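Participant: please find the sequence and the predicted model below.
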Amino acid sequence: MLGKHFHRDSKIVIDQALAYVDSLKLAGNGKEVWVFDIDETTLSNLPYYAKHGFGATPFNATSFNAYVREGSAPALPETKRLYNKLRSVGIKPVFLTGRTEDQRAITVTNLRRQGISGWMNLLLKQPGFKGSAVTYKSGERQKLQDAGYVIVGNIGDQWSDILGAPEGARTFKLPDPMYYIG
């Protein structure tokens, strides 16, 4: 049941995002970007959670990071559809994730294995960052804006992915039945 409703609800959000993309009047100057979260937005960690009782046991960062190092997370097909549409119209994808810098190589490998490539930037948490997810992600979006980019869209599965100025011209919240990050 979880998968059926999750997929339907994700499709609704992505269909709304695609309609929004079709309505955009793009400057075509290479400065329009769309911010994507990775975990549970672009890549699914459902195989990990299935193996670990769907949250019946407390989250274990060590075992989750071991799963990330496998680089085996499948792409979420609806998000991949949006990603490909954005690239086709000249909007540059930017990944902004709570994953840490030491996971860069395997994250790139995992994305490419899933047929996802051609992004403008992959922004990961630096070692020692102690702030909240909202502080981190809004700070990175501010750096993009300060560099002259226009964030035309922002998509994530957690409110912390999309809250905090600058959010972008439009935000899209995917459902996540597995966990909440405040």
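Facilitator: That came in fine, so what should we check first?
Participant: ok, and the closest non-adjacent residue to Arg63?
Facilitator: One correction, residue 63 is Ser, not Arg. His52 (6.9 Å; C-beta to C-beta, 6 or more residues apart in numbering). In this view, the C-beta of every residue, glycine as well, is placed from N, C-alpha and C.
Participant: now swap in Val134 and tell me
Facilitator: Per C-beta to C-beta, 6+ apart, closest to Val134 is Gly164, 4.3 Å.
Participant: check for me that that neighbour belongs to a helix.
Facilitator: No - applying DSSP: H, G, I helix; E, B strand; the rest coil, one finds Gly164 to be coil, outside a helix.
Participant: and it, what does it touch?
Facilitator: Val134, Thr135, Lys137, Ser138, Arg141 (C-beta atoms under 8 Å, 6 or more residues apart in numbering).
Participant: for Arg99, same thing?
Facilitator: Ile38, Asp39, Val68, Thr107, Leu124, Lys125.
Participant: only C-alpha atoms, please: export the lowest-mean-pLDDT helix or strand in the chain in PDB.
Facilitator: The helix or strand of the chain with the poorest confidence is helix 2-23; it has a mean of 83 (mean pLDDT, DSSP states H and E). Taking C-alpha atoms only, helix 2-23 is exported to PDB below (Å, rounded to 0.1, in the frame of the first residue of the first chain):
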ATOM      1  CA  LEU A   2       2.800   2.400   0.900                       C
ATOM      2  CA  GLY A   3       4.400   2.200  -2.500                       C
ATOM      3  CA  LYS A   4       1.100   2.700  -4.500                       C
ATOM      4  CA  HIS A   5       0.100   5.900  -2.700                       C
ATOM      5  CA  PHE A   6       3.600   7.200  -2.500                       C
ATOM      6  CA  HIS A   7       4.000   6.800  -6.300                       C
ATOM      7  CA  ARG A   8       0.600   8.400  -7.000                       C
ATOM      8  CA  ASP A   9       1.300  11.400  -4.800                       C
ATOM      9  CA  SER A  10       4.800  11.900  -6.200                       C
ATOM     10  CA  LYS A  11       3.400  11.700  -9.700                       C
ATOM     11  CA  ILE A  12       0.900  14.500  -8.800                       C
ATOM     12  CA  VAL A  13       3.700  16.700  -7.500                       C
ATOM     13  CA  ILE A  14       5.900  16.100 -10.500                       C
ATOM     14  CA  ASP A  15       3.100  16.700 -12.900                       C
ATOM     15  CA  GLN A  16       2.500  20.100 -11.200                       C
ATOM     16  CA  ALA A  17       6.200  20.900 -11.500                       C
ATOM     17  CA  LEU A  18       6.200  20.000 -15.200                       C
ATOM     18  CA  ALA A  19       3.200  22.200 -15.800                       C
ATOM     19  CA  TYR A  20       5.100  25.000 -14.100                       C
ATOM     20  CA  VAL A  21       8.200  24.400 -16.200                       C
ATOM     21  CA  ASP A  22       6.000  24.600 -19.300                       C
ATOM     22  CA  SER A  23       4.600  28.000 -18.100                       C
END
